[in-house]
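Participant: Sequence and predicted structure below; questions after.
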Amino acid sequence: MNEPRLNVLVVDDDDITAEAVERSLRKNSLDWPVTAARDGLDALEVLRGISDRRIDTPYLILLDLNMPRMNGLEFLEELRNDPALRGAIVFMLSTSGADADRSRAYSKAIAGYMIKSEIGPAFSKLATLLEEYANAVRFPR
């Protein structure tokens, strides 16, 4: 069986996060394209195909909580209300460990909530988690 190849959309106003995700994937020999969006509005444009950047399916989204213009929870609300996007797989990747933030994110059907400082140096645990996840689930074609 071929290893699944995912496309990753990193939605975070910190450019360092997208770079760390890319490095972590490469270090784990995962040839998964990474597309960066600076906030929720930017990400919706990518997902809806109205940006010069595109993302192919299957994809998953790594979403920050605190961003300008449209934060992570506002993005999730818009995403879950869009019939074409509501099934998107989203992992929250945030600096916030607040229980209220986690609860609100999980109420929007995220796949998981990770705190940036807890996923290891250079996001090492993130790549492992995503690889195991991709190997364990089946995505629609």
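Facilitator: Great, that's in hand.
Participant: Identify each buried residue in stretch 60-72, please.
Facilitator: Judged by neighbour count using 16 or more other CB atoms under 10 Å, the buried positions of stretch 60-72 are 60, 61, 62, 63, 64, 65, 67, 70, 71, 72. Every residue, glycine included, has its C-beta placed from N, CA and C.
Participant: next one: stretch 43-57
Facilitator: Neighbour-count burial for stretch 43-57 flags 43, 44, 46, 47, 55 (criterion: 16+ other CB under 10 Å).
Participant: and if you look at stretch 118-133?
Facilitator: Buried positions in stretch 118-133, judged by neighbour count with 16+ other CB under 10 Å: 119, 123, 126, 127, 129, 130, 131, 133.
Participant: what does stretch 29-37 give?
Facilitator: Buried residues in stretch 29-37, counted by 16+ other CB under 10 Å: 30, 32, 34, 35, 36, 37.
Participant: Can you pick out the ones from the buried residues of stretch 118-133 that are in helices?
Facilitator: Taking DSSP state H, the ones among these that sit in helices are 126, 127, 129, 130, 131, 133.
Participant: Using CSV, please lay out these together with pLDDT and distance to residue 78.
Facilitator: Formatted as CSV, these follow (pLDDT from 0 to 100; distance: CB to CB, whole Å):
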residue, pLDDT, distance to residue 78
126, 89, 24
127, 89, 28
129, 90, 25
130, 90, 24
131, 90, 29
133, 91, 24
